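Engineer: no sequence on this one, just coordinates:
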């Protein structure tokens, strides 16, 4: 799938819009589920993030909450050897939105090396053009298509012979030559007829197709010296010499279909990255290496957490014992907190009659994401893509009074979405997943308090994992919508008031709400500064109408309740993938699948070790005994598997009925009785601490 283009692009010349129309567009996702990574903030200080962001606790949190959050944050990224990303001085990397110069560089680089006509902006713009120019110098028969900038650089698609890594090195050398020549960039305006004539002379069929989609005139092109030109709206830096060639790198090549259509020609897509300085490029490369080290797919295999078995089918997750234990802890914590917050728990079926999904509107508006229906005794049934209709059916089982509100129901409900095999990606894009779904039925004057309650709950749950920085968007009424002006105004104001009461900064996405109501979306920032769509709160005026749900007010009249959809973790599978990468697989003590590993110096101590393990297990501590190797190797193995605590047992420990404790994060802790060890583990778990 092509990378999504950032929103600021849409504010530029019409040429850009026409070019981008032909790139494969990102797929839309329903509430509570996101493909995953939305943006990246690479460096410190965190204030360089350009989007509205809020800390989890703008006012002073409780001491216990602060300790838990700080401990979890310190834990993220550490492997016990001090290699967390925050422990060394880091270069702050600008983004396309924060640096106009960077955008110009990237666009110019792209053009010079890869194609004769390109969309674009400044630094990114120049890099794009330089790459296109270089490609066509080295491969005269290559045809250029489109090449937008993306979050970390740019890409360009070419109709040409397959490229190799060796070819990328040749292209980069040619780019360096173009940059060293310090060629000027000159803008020229043309009539449509002249532009078409020049493109035909170059025999560039894809650009002719793009030109047809450009409705505005004049048509602008940019010349790189007198050697090469491109159809482009700009802007660019003044000359190729403005690019630091040591800050540019071609990263990879992949196949991509023209306009994202499998029936069209397969193209060669070259990915590159460009920065203002060499130090920024080095920081970006370090970030990529760190992201690779944290890849949840690799760590899931190394730590035996989960797998996706092709014999069963792609996108279907198998939770292994260690991963299942973590899920069990997550679910237990989630349920306990929800019960404390006044929610009732539900369990509902995985299938239902197809008629239910007609009433909800899913078959009309969401069919492409649903699996084929199945015939059961001459009736059609459907695997559920969402939980909402089920919760409404539970509400409708009896008549409600206004005195019953608010009614809050929650479910860890597994849903199934149709996804093409090529779009599947570890835990981030799957075909079956479990949503932490909940719905609130309330009165109009209760909306604000219920939204505020959801925000408080979100902070409490996410804070357990050390997520303290949020990007928050409030999406308002779109052009096409259901519901009266009055209720939209009340609901939107309630969302705003709840956010302001909470003290959270947010951005307003005008017209970005769902057709059925306004919403709040929250992205969390992980240990690498990446942002992940996570929590969502949505007001819904549509489903109550479709299902004709009512209540009796104080005047014995039937009225329609307000329905609020909300998810905090989003999906357990995707959230687990985020946690793996956030912690680099090094889970805090309360989440770790094995909390303590007991290591005998020799087999003579094995019986005592087994007794200790049994006692700890009986008290709810996840402990195991490992033996059969020399002690140094047993310790190394425990470190490799990221076990938080090791209890070493030799003859002295057996005689004194003690344990010598070693922490992955704190080193040697000391010798203590088993009861003391248990007490300290319990306290650390209660405080969500990373160690004793």
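Structural biologist: Yep, that arrived. On a predicted model such as this, the values are computed, not experimentally measured, just so you know. Numbers count the residues shown, from 1 in each chain.
Engineer: for the rest of this, base every contact and every neighbour count on C-alpha atoms.
Structural biologist: Fine.
Engineer: neighbours of residue 680, how many?
Structural biologist: The number of residues packed near residue 680 is 14, by other CA atoms under 10 Å.
Engineer: typed the wrong thing, it's residue 485
Structural biologist: The number of residues packed near residue 485 is 9, by other CA under 10 Å.
Engineer: quick thing: my sequence starts at 772, can you match it?
Structural biologist: All set: I'll call the first residue 772, so the last point we hit is now residue 1256.
Engineer: from residue 1148, how far out is it?
Structural biologist: 45 Å (CA to CA, to the nearest Å).
Engineer: which parts of the stretch 1172-1321 of the chain are strands?
Structural biologist: 1178-1187, 1203-1213, 1240-1246, 1278-1280, 1290-1296, 1301-1311 (DSSP state E, counting those that start in this stretch).
Engineer: dump those strands to JSON lines, plus mean pLDDT, distance to residue 999 and mean neighbour count.
Structural biologist: Formatted as JSON lines, the strands of the stretch 1172-1321 of the chain follow (pLDDT from 0 to 100; distance: least, CA to CA, whole Å; neighbours: other CA atoms under 10 Å):
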{"stretch": "strand 1178-1187", "mean pLDDT": "97", "distance to residue 999": "51", "mean neighbour count": "21"}
{"stretch": "strand 1203-1213", "mean pLDDT": "96", "distance to residue 999": "50", "mean neighbour count": "23"}
{"stretch": "strand 1240-1246", "mean pLDDT": "94", "distance to residue 999": "42", "mean neighbour count": "23"}
{"stretch": "strand 1278-1280", "mean pLDDT": "95", "distance to residue 999": "40", "mean neighbour count": "14"}
{"stretch": "strand 1290-1296", "mean pLDDT": "95", "distance to residue 999": "42", "mean neighbour count": "24"}
{"stretch": "strand 1301-1311", "mean pLDDT": "93", "distance to residue 999": "38", "mean neighbour count": "24"}
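Engineer: minimum distance to residue 1089: which of those has it?
Structural biologist: In terms of CA to CA, the element of those nearest to residue 1089 is strand 1203-1213, at 10.6 Å.
Engineer: quick check: angle from that closest one to strand 1301-1311?
Structural biologist: Counting by axes from the mean of the first three to the mean of the last three CA atoms, to 10 degrees, strand 1203-1213 points 40 degrees away from the direction of strand 1301-1311.
Engineer: against which helices or strands is strand 1203-1213 packed?
Structural biologist: On a contact count with 3 or more CA pairs under 8 Å, 6 or more residues apart in numbering; DSSP states H and E, strand 1203-1213 meets strand 1178-1187, strand 1333-1342, helix 1343-1354.
Engineer: and the longest helix for the chain?
Structural biologist: helix 1092-1111 (DSSP state H).
Engineer: in its sheet, what does the helix or strand following that one sit against?
Structural biologist: Per DSSP states H and E, helix 1092-1111 leads on to strand 1115-1116 as the next helix or strand towards the C-terminus. Using DSSP bridges, strand 1115-1116 pairs in its sheet with strand 1178-1187 (parallel).
Engineer: gap between the partner strand and the chain center?
Structural biologist: How far strand 1178-1187 lies from its chain's middle: 21 Å, per CA atoms, centre = their mean, to the nearest Å.
Engineer: swap in stretch 1344-1359?
Structural biologist: Relative to the centre of its chain, stretch 1344-1359 is centred 12 Å away, using CA atoms, centre = their mean.
Engineer: for that stretch, buried residues please.
Structural biologist: 1344-1359 (16 or more other CA atoms under 10 Å).
Engineer: try stretch 1215-1226
Structural biologist: Buried positions in stretch 1215-1226, judged by neighbour count with 16+ other CA under 10 Å: 1218, 1219, 1221, 1222, 1223, 1225, 1226.
Engineer: among the residues you listed, which ones are in helices?
Structural biologist: Filtering the buried residues of stretch 1215-1226 for helices - DSSP H - leaves 1218, 1219, 1221, 1222, 1223, 1225, 1226.
Engineer: which of those residues sits closest to residue 1039?
Structural biologist: Using CA to CA, those come closest to residue 1039 at residue 1226, 45.5 Å.
Engineer: spit out the contact partners of the closest one.
Structural biologist: Residues near residue 1226 by CA atoms under 8 Å, 6 or more residues apart in numbering: 1269, 1270, 1273.
Engineer: redo the ones in helices among the buried residues of stretch 1215-1226 as a markdown table? Include distance to residue 1042 and pLDDT.
Structural biologist: Output for those, formatted as a markdown table (distance: CA to CA, whole Å; pLDDT from 0 to 100):
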| residue | distance to residue 1042 | pLDDT |
| --- | --- | --- |
| 1218 | 47 | 94 |
| 1219 | 46 | 93 |
| 1221 | 46 | 96 |
| 1222 | 42 | 95 |
| 1223 | 43 | 96 |
| 1225 | 41 | 97 |
| 1226 | 39 | 96 |
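Engineer: which of these lies closest to residue 1154?
Structural biologist: residue 1225 (28.5 Å).
Engineer: which stretches of the stretch 1072-1221 of the chain have low pLDDT?
Structural biologist: Of all residues in the stretch 1072-1221 of the chain, none has pLDDT under 70.
Engineer: thinking again about what came up before, tabulate the helices and strands packed on strand 1203-1213 (CSV), appending distance to residue 937.
Structural biologist: Below are these laid out as CSV (distance: least, CA to CA, whole Å):
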stretch, distance to residue 937
strand 1178-1187, 43
strand 1333-1342, 41
helix 1343-1354, 32
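Engineer: residue 1073: which of the ones you listed is closest?
Structural biologist: Comparing these against residue 1073 with CA to CA, the closest turns out to be helix 1343-1354 (11.7 Å).
Engineer: got the angle for the closest one vs strand 1301-1311?
Structural biologist: 150 degrees.
Engineer: C-terminal to helix 1343-1354, what's the next element?
Structural biologist: Criterion used, DSSP H and E; the element after helix 1343-1354 is strand 1367-1371.
Engineer: pLDDT of that following strand, averaged?
Structural biologist: Averaging pLDDT along strand 1367-1371 gives 97.
Engineer: parallel or antiparallel, list what pairs with it.
Structural biologist: strand 1394-1396 (parallel), strand 1416-1420 (parallel).
Engineer: name the residues of the shortest one that are buried.
Structural biologist: Buried residues in strand 1394-1396, counted by 16+ other CA under 10 Å: 1394, 1395, 1396.
Engineer: just the closest of these to residue 1455, please.
Structural biologist: Closest to residue 1455, out of all of those and judged by CA to CA, is residue 1394, at 15.2 Å.
Engineer: isn't the closest one right next to residue 1368, touching?
Structural biologist: Yes - look at residue 1394 against residue 1368 with CA atoms under 8 Å: they come within range, at 5.7 Å.
Engineer: show the contacting residues for the closest residue to residue 1252 other than its chain neighbours.
Structural biologist: Leaving aside its chain neighbours, residue 1252 sits nearest to residue 1286 (4.1 Å; criterion: CA to CA, 6 or more residues apart in numbering). Contact partners of residue 1286, counting by CA under 8 Å, 6+ apart, are 1248, 1249, 1251, 1252, 1253.
Engineer: next one: residue 899 from residue 1099, what distance?
Structural biologist: On the measure of CA to CA, residue 899 and residue 1099 end up 48 Å apart.
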